[in-house]
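In: The following comprises the amino acid sequence and a computationally predicted model.
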Amino acid sequence: MKVLVTGGAGYIGSACVQEWAEQGHQVTVIDNLSKGHRAAVHPDAQFIKACLSQAERIESILRQEKPEIVTHFAASALVNESMERPGRYFENNVANGLNLLEACVRSGVRKIVFSSTCSVYGIPDQLPITESAPLNPINPYGESKLLFERILRWYREVHGLHFVSFRYFNACGATDRYGEDHQPETHLIPNLLKVVLGQSDRCEIYGTDYPTLDGTCVRDYIHVKDLASSHVLAGLSDLEGVHNLGTGKGHSVLEILAACETVTGTIIASRKRPRRPGDPPELVAAPSAALADRNWQPAFTEIERIVETAWLWHKNHPKGYDDRP
Ligand code: UDP
């Protein structure tokens with residue numbers, strides 16, 4: 001199968017490219033390297049440095065490569081930043097994404113698999129969250145992803161472009177090759193592991209007065225390899241529409257801190273801070289029933305096993321991708 005992956009040099013994209021490549025598919029990666037890393041692109045994939053804002057270039061790449069499947073990861077993806085710079089989120093995640101969709105239609109792509117997010121639900125009134133829950137994003141990031149999901153429905157209706165939209169819960173962990181390296185790092189597990197590596201003095205705990213068991217936010221942490229395998233399944237099967245990607249289990253920030261301490265054998269210094277704008281108290285998935293029907297389940301269900309993979313990667317790459325040739 002010929003597959004094109006946008007954002008294939010990023011954290012989740014690189015894991016997905018690895019999965020496609022290891023299953024023997026022919027992969028082309030498009031990434032503008034604004035956040036991604038060239039060293040995170042699997043050696044068997046063809047790499048093209050391009051930005052989705054370049055409509056004509058994107059169309060000519062797709063016409064030349066003629067992929068059957070597109071997996072679309074390229075996006076701005078930080079809740080906090082989206083509360084400061086909403087325009088960037090609508091431009092990058094919606095307007096630039098439209099350039100990709102037009103190119104897909106004109107070059108005969110059969111199906112697109114899209115990285116959406118549980119941020120589309122906002123503050124859920126019921127847990128776990130099913131795909132039919134109300135859609136009320138409370139930050140521009142979630143709103144931009146929801147807009148794109150709605151656009152995808154119209155492209156299917158009008159142009160017959162099939163789509164799967166995966167609403168990720170919290171991606172975490174690492175493959176044997178690729179891990180999480182953001183500049184600046186804002187995610188919980190890498191920030192905790194940075195303390196263990198002596199790269200920061202302490203981890204900030206954003207909000208300790210939430211209406212949860214221990215007052216900190218609860219999230220559903222899903223391994224990046226599970227995200228990758230579900231994308232390949234979506235590309236190869238008849239799966240359609242919108243699906244949650246989570247484990248169905250929630251962990252508080254303090255539970256994640258404890259898991260990182262157990263796995264690393266180190267006490268991790270932390271400091272209580274005010275809530276971070278745009279963070280809902282608790283997000284836990286009702287995992288997609290359609291994926292379960294296709295015998296797909298997360299391989300990683302224990303938080304310590306997930307953290308172990310992240311720890312192994314960070315230990316081996318203390319400077320992230322900077323220590324690669
Ligand atoms: N968080 C935290 N300290 C950090 C990073 C994150 O307390 O250094 C909290 C954050 O407020 C949220 C949870 O950990 O409740 C997960 O945040 P992350 O940024 O990893 O993922 P998000 O939920 O924003 O996608």
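Out: Yep, it's here. Residues are numbered from 1 along each chain as shown.

In: Helices along this structure, start to end?
Out: Using DSSP state H, the helices of the chain run over residues 11-22, 55-65, 79-84, 86-90, 96-107, 140-159, 188-196, 224-236, 253-264, 289-293, 303-316.

In: deepest of those helices, which one?
Out: With neighbours defined by mean count of other CB atoms under 10 Å, none of the helices of the chain is more surrounded on average than helix 11-22, at a mean of 26. For glycine as for every other residue, the C-beta is placed from the backbone atoms N, C-alpha and C.

In: ok, whichever residue of the stretch 101-250 of the chain sits closest to the ligand - contacts?
Out: Closest contact between the stretch 101-250 of the chain and the ligand, by CB to the nearest ligand atom, is at Cys217 (3.0 Å). If you count contacts by CB atoms under 8 Å, 6 or more residues apart in numbering, Cys217 has them with Tyr206, Gly207, Tyr210, Ser252, Val253, Asp279, Pro280, Pro281, Glu282.

In: And for Leu78?
Out: Leu78 makes contact with Tyr141, Thr186, according to CB under 8 Å, 6+ apart.

In: now the contacts of Cys217 in CSV, with distance to Ile303?
Out: Formatted as CSV, those follow (distance: CB to CB, whole Å):
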residue, distance to Ile303
Tyr206, 19
Gly207, 20
Tyr210, 19
Ser252, 11
Val253, 12
Asp279, 19
Pro280, 20
Pro281, 19
Glu282, 16
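
In: Out of these, which is nearest to Arg177?
Out: Val253 (28.1 Å; CB to CB).

In: For the stretch 201-325 of the chain, which residues are neighbours of the ligand?
Out: Taking CB under 6 Å from any ligand atom as the contact definition, the stretch 201-325 of the chain meets the ligand at Cys203, Glu204, Ile205, Tyr206, Cys217, Arg219, Val253, Arg276, Asp279.

In: Among these, which has the minimum pLDDT value?
Out: Lowest pLDDT of those: Asp279, 90.

In: and the nearest residue to it once chain neighbours are set aside, what are its phi and psi?
Out: Leaving aside its sequence neighbours, Asp279 sits nearest to Cys217 (CB to CB, 6 or more residues apart in numbering; 5.8 Å). Main-chain torsions, Cys217, degrees, to the nearest 10: phi -60, psi 140.

In: Among the residues of the stretch 201-325 of the chain next to the ligand, find me the one that's closest to Ala269.
Out: Cys203 (7.3 Å).

In: Next one: that closest one relative to Tyr221, how far apart?
Out: Noted for Cys203: a distance of 16 Å to Tyr221, by CB to CB, to the nearest Å.

In: Same check on Ile58?
Out: 33 Å.

In: go on, Gly250?
Out: 9 Å.

In: now do Ala285
Out: Taken as CB to CB, the span from Ala285 to Tyr221 is 11 Å.

In: Any figure for the gap between the closest residue to the ligand within the stretch 1-150 of the chain and Arg275?
Out: Closest residue of the stretch 1-150 of the chain to the ligand, CB to the nearest ligand atom: Val79 (4.8 Å). According to CB to CB, Val79 stands 12 Å off from Arg275.

In: Tell me where the model's unsure across the stretch 151-300 of the chain.
Out: The model of the stretch 151-300 of the chain has no residue with pLDDT under 70.

In: Which residues are in contact with the closest residue to Val284 other than its chain neighbours?
Out: Leaving out its chain neighbours, the residue that sits closest to Val284 by CB to CB, 6+ apart is Gly250, at 4.0 Å. Listed by CB under 8 Å, 6+ apart, the contact set of Gly250 reads Leu127, Val218, Arg219, Asp220, Glu282, Leu283, Val284.
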